[in-house]
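>>> Everything below, folded, please.
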Amino acid sequence: MKILFTDLDGTFLADDKQLCARNREAVDRMLAAGHKVVLISGRSVDSVLALAKRLQLPREGGYIVGFNGAQIADALTEERLFRAGLSADLVRKLFADAHAAGIHPQAYDDRQVVAERETDALKRYCEVIRMDYTVCDDAAAYLTEAGVETSKLLMIDYEDHERLEAFRQQLMERYGEVIDTFYSNTAFCEVVPKGINKGVAVQELCRMLDVPLEDTVGAGDEMNDIPLLIATGVGCAVANAKDEVKAAADYVTSADNNAGAVAEMIEKFIL
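Below you'll find the model as predicted:
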């Protein structure tokens, strides 16, 4: 048995957020042969679960990795098997710093996006990702009262990447001992607990399942996928991936995400 750990946006999904016919057919053949697919994303676990249902992907025996590795869930029961979190005090400070810098910050509970201001960035993000949102005065207090451990914050700036990068550097200077930051695209700066990334999640889930890392294949396109490609037995970058991601990969597909790049990986390294 082999496990495919695949990123979603820009990798497994086409630009229209659908699963192309070639990927669908290859995944069906792979599952029928007894292999597994794990969806691994910067999105929340609930968002990935909703996507899996919409795409009619099998859930029994499957797993979801969300928040760039900060949570692992059973796809059928939706039980969280692993969760890492940021403290409420740190969340409050990060929100305040983002507001002061003109960056939109948001957190997540287990169902929706949590923000302190209803910005255009918030509405744009939730429309694309198909998630609901709530706006409150104090996100840290809201999450604490809801009994939710904050696994990830997302800092969004659709207009000015240089401003976002300057803010990311500021965060690392102030809080680098307890957080890690990286980009899931040029507008999204991810903030997670120190030491958390997609590669760590791959290692943790393989340990739980007693599956050797050499029996895994990783698929990605963005900077936050590099740890995933390094951790898996064969790390594959799609043709549309960032140059840095391709450099970290063992294999780069000839097809892009719209033309069945993941199917190419499945056919070559699993089937």
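>>> how about whichever strand or helix holds Ala201: buried residues?
For Ala201, the element it lies in under DSSP states H and E is helix 198-209. By neighbour count on 16 or more other C-beta atoms under 10 Å, the buried set for helix 198-209 is 198-206. From N, CA and C alone the C-beta is placed, and that goes for glycine too.
>>> how about it as PDB, C-alpha atoms only?
Output of helix 198-209 as PDB, limited to C-alpha atoms (Å, rounded to 0.1, in the frame of the first residue of the first chain):
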ATOM      1  CA  LYS A 198       3.000  19.700   6.200                       C
ATOM      2  CA  GLY A 199       6.100  17.500   6.400                       C
ATOM      3  CA  VAL A 200       5.800  17.100  10.100                       C
ATOM      4  CA  ALA A 201       2.100  16.100   9.600                       C
ATOM      5  CA  VAL A 202       3.200  13.400   7.000                       C
ATOM      6  CA  GLN A 203       5.600  12.000   9.500                       C
ATOM      7  CA  GLU A 204       3.000  12.000  12.300                       C
ATOM      8  CA  LEU A 205       0.300  10.300  10.300                       C
ATOM      9  CA  CYS A 206       2.700   7.700   8.900                       C
ATOM     10  CA  ARG A 207       3.700   7.000  12.500                       C
ATOM     11  CA  MET A 208       0.100   6.600  13.500                       C
ATOM     12  CA  LEU A 209      -0.600   4.200  10.600                       C
END
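>>> Which neighbouring elements make contact with the helix-or-strand element of the chain with minimal mean pLDDT?
Within the chain, no helix or strand scores below helix 45-54, which has a mean of 89 by mean pLDDT, DSSP states H and E. When contacts are defined as 3 or more C-beta pairs under 8 Å, 6 or more residues apart in numbering; DSSP states H and E, helix 45-54 packs onto strand 36-40, strand 63-66, strand 71-74.
>>> Columns distance to Ala139 and mean neighbour count on top of those, output as CSV?
Formatted as CSV, those follow (distance: least, C-beta to C-beta, whole Å; neighbours: other C-beta atoms under 10 Å):
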stretch, distance to Ala139, mean neighbour count
strand 36-40, 25, 24
strand 63-66, 18, 26
strand 71-74, 18, 22
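>>> Looking at those strands, which is nearest to Leu49?
strand 63-66 (6.0 Å; C-beta to C-beta).
>>> can you give me the helices for this structure?
21-32, 45-54, 88-101, 120-129, 139-145, 161-175, 198-209, 226-231, 243-248, 261-269 (DSSP state H).
>>> Pipe those into a markdown table and attach distance to Ala75 per row.
Formatted as a markdown table, the helices of the chain follow (distance: least, C-beta to C-beta, whole Å):
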| stretch | distance to Ala75 |
| --- | --- |
| helix 21-32 | 12 |
| helix 45-54 | 6 |
| helix 88-101 | 27 |
| helix 120-129 | 18 |
| helix 139-145 | 24 |
| helix 161-175 | 32 |
| helix 198-209 | 12 |
| helix 226-231 | 18 |
| helix 243-248 | 26 |
| helix 261-269 | 18 |
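>>> And the ones you listed, which one averages the lowest pLDDT?
The weakest mean pLDDT among the helices of the chain belongs to helix 45-54, with a mean of 89.
>>> Only the buried residues of that one, if you could.
Using 16+ other C-beta under 10 Å as the test for burial, helix 45-54 gives 45-52.
>>> what's the answer for stretch 213-221, then?
Residues of stretch 213-221 classed as buried by neighbour count (16+ other C-beta under 10 Å): 216-221.
>>> Can you tell me how far Ile3 is from Val113?
Ile3 sits 29 Å away from Val113 when distances are taken as C-beta to C-beta, to the nearest Å.
>>> now Ala101
19 Å.
>>> Please apply the same query to Leu271.
For Leu271, the distance to Val113 - C-beta to C-beta - is 38 Å.
>>> for stretch 182-196, the distance to its chain's centre please.
9 Å (C-alpha atoms, centre = their mean, to the nearest Å).
>>> what's that stretch in contact with?
With contact meaning C-beta atoms under 8 Å, 6 or more residues apart in numbering, stretch 182-196 is reached by 9-10, 42, 67-70, 84-86, 94, 103, 151-158, 161, 164, 167-168, 171, 177-181, 197, 222-224.
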